[in-house]
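K.L.:
kindly generate the corresponding structure for this input.
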Amino acid sequence: MLPKLAYILHSGQLFGTERMALATLEALRGQFDGLLIAPPGPVHQAARAAGLPSQLAQSRWAMLIILLRHLLKHPDSALLTTGVWQAIAGRSLQRLCGGRGAHLHMVHGGTDELLSYGRKRLLAGLQVQQVAVSDFVRQRLLAHGVPAARIQVIHNFLPPPVAAQGAPIRRARFEQDGLRRVLMLTRLDRIKRVGLLLDALDRTPELAGLRFDIYGSGEEAELLRQRARKHPNVHLHGFVADAAQALAAADLLLHTCPEEPFGLVLLEAFEAGVPVLVPNSGGAAEIVRHADNGWHFNANDAVALGQRLLQLSRVSATELNRRASAGRRSLEQDFNPQRLLPRYVQLLRGAA
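P.N.:
From the prediction side, this is the model:
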């Protein structure tokens, strides 16, 4: 019988944290009997599509009851949590049930420094190992007082392909020089700095010939729509659960967040064969190496972003294909679940 594992999410959405939870459960299938516990949201439908069991927690009390029942039946179950409240409750219930299972708290960052990193120090005395998705996240945790011994850095990865869905959708090789379509897949929240693109377009009118497609939703959606009226080449499409077709049709994926903890969408671009442009800071700068598997621009600098986009609008097809190939190599070598999974297995099989 496989050891039990419960992955407890603080959100039922399908952003990077939730997609990574599904990827982890899929990759661990065959070594652990995994269960996803999450609030209402599209993550449950995605779990079903991947053949993963999930339980819907309509409230915090419901989540406590579901988790308590799970631990009473499987006291040595390992736990993975994403929210501080879920981690404290989960560790307390593990102790109450006399369990010896490991407990990993997944730190993916977010929109608020205190909520994303500062509150994590509350877990320092609970024998909970914190998994940082990048060295940038590790440094933020250290800055807020989380002991170094309680932090492990394990990069994100993509789930194995689902047979029913077929092979991933990939972009055709570049045959023409220069960019034509630039894509952003992101939350439209302040920390993501999507408005930096519009600042760059204000300052670099030569970019009017490029098309920019922005997919996502968030607190700044309406503000960005109003600003985009000045730029008919900018199109905001809202949130879509599966943007694989749009990604494969793009010439470049643009990411503007200077404090991105990781950026799972960058791996998705690597897989799709789409070159990427990111700030020279945060976790994204760890994933993307300038002039190797993508390009950098100076973070928070609209002029620098505009000039980099202008440069790339004239780059050769050979160069674009070279960056796309390097991205696929990075995915296979640096972010391969077969390489990263043993570290999860080691932590999960160890007692907390």
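K.L.:
what lies in contact with the least confident helix or strand in the chain by mean pLDDT?
P.N.:
Least confident helix or strand, the chain: helix 113-116 with a mean of 80, by mean pLDDT, DSSP states H and E. Around helix 113-116, the neighbours that count as contacts under CB atoms under 8 Å, 6 or more residues apart in numbering are 107, 109-110, 140, 261. Quick note: C-beta positions are derived from backbone N, CA and C, even for glycine.
K.L.:
low-confidence regions, the protein specifically.
P.N.:
The chain contains residues with pLDDT under 70 at 111, 161-166, 351-352.
K.L.:
could the contacts of helix 113-116 go into TSV alongside distance to Pro279?
P.N.:
Listed next are the contacts of helix 113-116 as TSV, based on distance: CB to CB, whole Å:
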residue	distance to Pro279
Val107	20
Gly109	14
Gly110	17
Arg140	16
Pro261	13
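K.L.:
dump the residues you listed to TSV, plus secondary structure.
P.N.:
Below are those laid out as TSV (DSSP: H, G, I helix; E, B strand; the rest coil):
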residue	secondary structure
Val107	strand
Gly109	coil
Gly110	coil
Arg140	helix
Pro261	coil
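K.L.:
which residues does the helix or strand just after the least confident helix or strand of the chain contact?
P.N.:
As assigned by DSSP states H and E, the chain's next helix or strand after helix 113-116 is strand 129-132. Strand 129-132 is contacted from outside by 102-107, 120, 123, 138, 141, 146, 150-154, 347, 352, using CB under 8 Å, 6+ apart.
K.L.:
list the ones among these that fall in strands.
P.N.:
Under the assignment DSSP state E, the contacts of strand 129-132 contribute 103-107, 151-153 to strands.
K.L.:
out of these, which is nearest to Gln94?
P.N.:
His103 (6.4 Å; CB to CB).
K.L.:
now, of the ones in strands among the contacts of strand 129-132, which are buried?
P.N.:
By neighbour count, with 16 or more other CB atoms under 10 Å, those hold 103-107, 151-153 as buried.
K.L.:
picking up where we left off before, can you redo the ones in strands among the contacts of strand 129-132 as JSON lines with distance to Gly209?
P.N.:
Output for the ones in strands among the contacts of strand 129-132, formatted as JSON lines (distance: CB to CB, whole Å):
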{"residue": "His103", "distance to Gly209": "53"}
{"residue": "Leu104", "distance to Gly209": "48"}
{"residue": "His105", "distance to Gly209": "47"}
{"residue": "Met106", "distance to Gly209": "42"}
{"residue": "Val107", "distance to Gly209": "41"}
{"residue": "Ile151", "distance to Gly209": "46"}
{"residue": "Gln152", "distance to Gly209": "46"}
{"residue": "Val153", "distance to Gly209": "41"}
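K.L.:
buried residues of the least confident helix or strand of the chain, list them for me.
P.N.:
Ser116.
K.L.:
in this structure, where's the longest helix?
P.N.:
The longest helix of the chain (DSSP state H) is helix 317-333.
K.L.:
which of the residues in it are buried?
P.N.:
Under 16+ other CB under 10 Å, the buried positions of helix 317-333 are 320, 322-324, 326-327, 330-331.
K.L.:
TSV please, covering these and showing distance to Leu224.
P.N.:
TSV is the format used below for the buried residues of helix 317-333 (distance: CB to CB, whole Å):
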residue	distance to Leu224
Leu320	27
Arg322	33
Arg323	27
Ala324	28
Ala326	31
Gly327	27
Ser330	30
Leu331	30
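K.L.:
tell me the one among those nearest to Pro42.
P.N.:
Leu331 (24.7 Å).
K.L.:
can you pull the domain assignment for the chain?
P.N.:
As given by automatic domain parsing, the domain ranges for the chain are 4-157+336-349, 165-333.
K.L.:
any idea how far the first one is from the chain center?
P.N.:
This means domain 4-157+336-349. Put simply, domain 4-157+336-349 sits 14 Å off its chain's centre (CA atoms, centre = their mean, to the nearest Å).
K.L.:
now do the last one
P.N.:
Per CA atoms, centre = their mean, the displacement of domain 165-333 from the mean C-alpha position of its chain is 15 Å.
K.L.:
against Glu222, how distant is Tyr7?
P.N.:
Using CB to CB, to the nearest Å, Tyr7 is found at 34 Å from Glu222.
K.L.:
my error: substitute Leu96 in the last question.
P.N.:
Leu96 is 46 Å from Glu222, by CB to CB.
K.L.:
kindly report the same for Val345.
P.N.:
Val345 sits 45 Å away from Glu222, going by CB to CB.
K.L.:
can you check Glu18 too?
P.N.:
Using CB to CB, one gets 25 Å for the distance from Glu18 to Glu222.
K.L.:
who has more neighbours, those two?
P.N.:
A count of neighbours by other CB atoms under 10 Å puts Glu18 above the other of Glu18 and Glu222, at 25 against 10.
K.L.:
doesn't that one belong to a strand?
P.N.:
No. The assignment for Glu18, made by three-state DSSP, is helix rather than a strand.
K.L.:
before we move on, the earlier item: need the max-distance pair from the contacts of helix 113-116.
P.N.:
For the contacts of helix 113-116, the farthest-apart pair by CB to CB is Gly110 and Arg140; their separation is 10.8 Å.
K.L.:
between those two, which is the more surrounded one?
P.N.:
Between Gly110 and Arg140, counted using other CB under 10 Å, Arg140 has the larger neighbour count: 23 against 20.
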